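# got a predicted model here, sequence first, then my questions.
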Amino acid sequence: MKTLTILKPDDWHLHLREGLVLKNIIHFTSEYFGRAIVMPNTKNPITSIDKAIAYKKLITEALPKSSNFQPLMTIYLTDETDKEELINGFKNNVIFAAKLYPANATTNSSHGVKKIANLYEVFESMQESGMPLLIHGEVTDSEVDVFDREEVFIDRELQPIIKTFPKLKIVLEHITTSYAVDFVQEKNIGATITPHHLHINRNAMFFGGLNSDFYCLPVAKRENNRLALRKAATSGKECFFLGTDSAPHLRKWKAFCGCAGIFNSPVALESYLTVFEEENALDNFEKFASLNGPNFYNLSPNKEKLKLVSKSNKIVEFIDVIEEKDIVEQIKPFHAGETLNWQVEGIVN
Ligand SMILES: [Zn+2]
């Protein structure tokens, strides 16, 4: 049986939600990942230091006892962000990074930034202090086709940001296009890549009728883009690292309203490993999952090790959401009903 032992990975882009969902899903991440950057687009977005502290407390309380998982908190940039407060929070290690959502780009982002140029003073302070800027890179104008929004964002917004702030530490999150793959390498910024963008192209959303299970933002693109992402993720290059963008939605909302987001944290490592094996790049998996991210963020890699084994792994159709022993809802995981060839065995010494 093939096995792989790597330093414990981190998830550099994660949605943990709040309340019951948070309590039911956090263990999928905390069990096998050392750290995760927690996205701030909760229902009531994390726009201040006090909110970040309160959210971190909720997360910590939801963790299984004895867990040493570290949530890294982010602040949601708005037109009203106070740069002094932001930098203070960063310098005092309360927040790890700031997240830029163009207004209405994705789930709970209606508070996002309407005019990015208004944030240039904030970016200036972030550049000075070394605070990372994490970007949801899509324009939101209705006249720009949903499949083109990443490319247009790169040309219209990201180019000028990088030109004005060449030392600002930037991560283009959940990239979906070959255009982004090339841009990230050329400009020496970082990028996270999700498991689902390595597996599906845009056809998945239209297979067997409109299928919201595969609807996420940014949406999956054409096949040539998926292939470019697979090449990038498995290349071992330092600028590309693991960020699941796991985004759970209760079944009732996902099925009826088709909200954007794919819940992959229960199968993320297995899903990535499948791709690395198919690309004959298992040797590079530790770089992508456990080394490139800490290196980019100037952190030490985790010390513990995780053992992964190649064996048949049937993925459940639904994950139950439990409240006081009753199943009250369900969430569909990525790869539901499929059989993958990898499984996490656990932490080893
Ligand atoms: Zn996200």
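Sure thing, it's come through.

# what about the helices in the stretch 1-150 of the chain?
Under the criterion DSSP state H, counting those that start in this stretch, the stretch 1-150 of the chain contains helices at 19-30, 49-62, 83-91, 120-129, 149-153.

# mean neighbour count, the ones you listed: which tops it?
Compared across the helices of the stretch 1-150 of the chain, helix 149-153 shows the largest average neighbour count, a mean of 22 (mean count of other Cβ atoms under 10 Å). Glycine gets a C-beta too; all of them are placed from N, C-alpha and C.

# now the helices of the stretch 1-150 of the chain in a markdown table, with distance to Leu77 and mean pLDDT?
Formatted as a markdown table, those follow (distance: least, Cβ to Cβ, whole Å; pLDDT from 0 to 100):
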| stretch | distance to Leu77 | mean pLDDT |
| --- | --- | --- |
| helix 19-30 | 23 | 96 |
| helix 49-62 | 13 | 97 |
| helix 83-91 | 8 | 97 |
| helix 120-129 | 7 | 97 |
| helix 149-153 | 15 | 96 |
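
# okay, these in CSV with distance to Gln343 next?
Shown next, in CSV, are the helices of the stretch 1-150 of the chain (distance: least, Cβ to Cβ, whole Å):
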stretch, distance to Gln343
helix 19-30, 14
helix 49-62, 25
helix 83-91, 38
helix 120-129, 40
helix 149-153, 33
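
# nearest to Pro160, of these?
Closest approach to Pro160 among the helices of the stretch 1-150 of the chain is made by helix 120-129 (9.2 Å; Cβ to Cβ).

# centre of the chain to the closest one, how far?
23 Å (Cα atoms, centre = their mean, to the nearest Å).

# still on that earlier bit, which one of the helices of the stretch 1-150 of the chain lies closest to Gln330?
helix 19-30 (10.1 Å).

# quick one: the closest one to helix 49-62, angle?
Orientation note: helix 19-30 sits at an angle of 70 degrees relative to helix 49-62 (axes from the mean of the first three to the mean of the last three Cα atoms, to 10 degrees).

# contacts for helix 19-30?
Helix 19-30 has contacts (Cβ atoms under 8 Å, 6 or more residues apart in numbering) with 11, 14, 16-17, 36, 58-59, 62-64, 67, 69, 246, 248, 250, 263, 265-266, 319-323, 328-329, 331.

# assign a three-state SS to the nearest residue to Val328 once chain neighbours are set aside, would you?
Closest residue to Val328 apart from its sequence neighbours, by Cβ to Cβ, 6 or more residues apart in numbering: Val321 at 5.7 Å. For Val321, the assignment made with DSSP: H, G, I helix; E, B strand; the rest coil gives strand.

# please, which helix or strand holds Leu308?
strand 305-309 (DSSP states H and E).

# now do stretch 326-339: distance to the chain's middle.
Taking mean C-alpha positions (Cα atoms, centre = their mean), stretch 326-339 and its chain are 20 Å apart.

# between the two ends of it, how far is it?
28 Å (Cα to Cα, to the nearest Å).

# just the buried positions in it, please.
Neighbour-count burial for stretch 326-339, counted by 16 or more other Cβ atoms under 10 Å, picks out Glu329, Gln330, Ile331, Lys332, Pro333, Phe334, His335, Ala336, Glu338.
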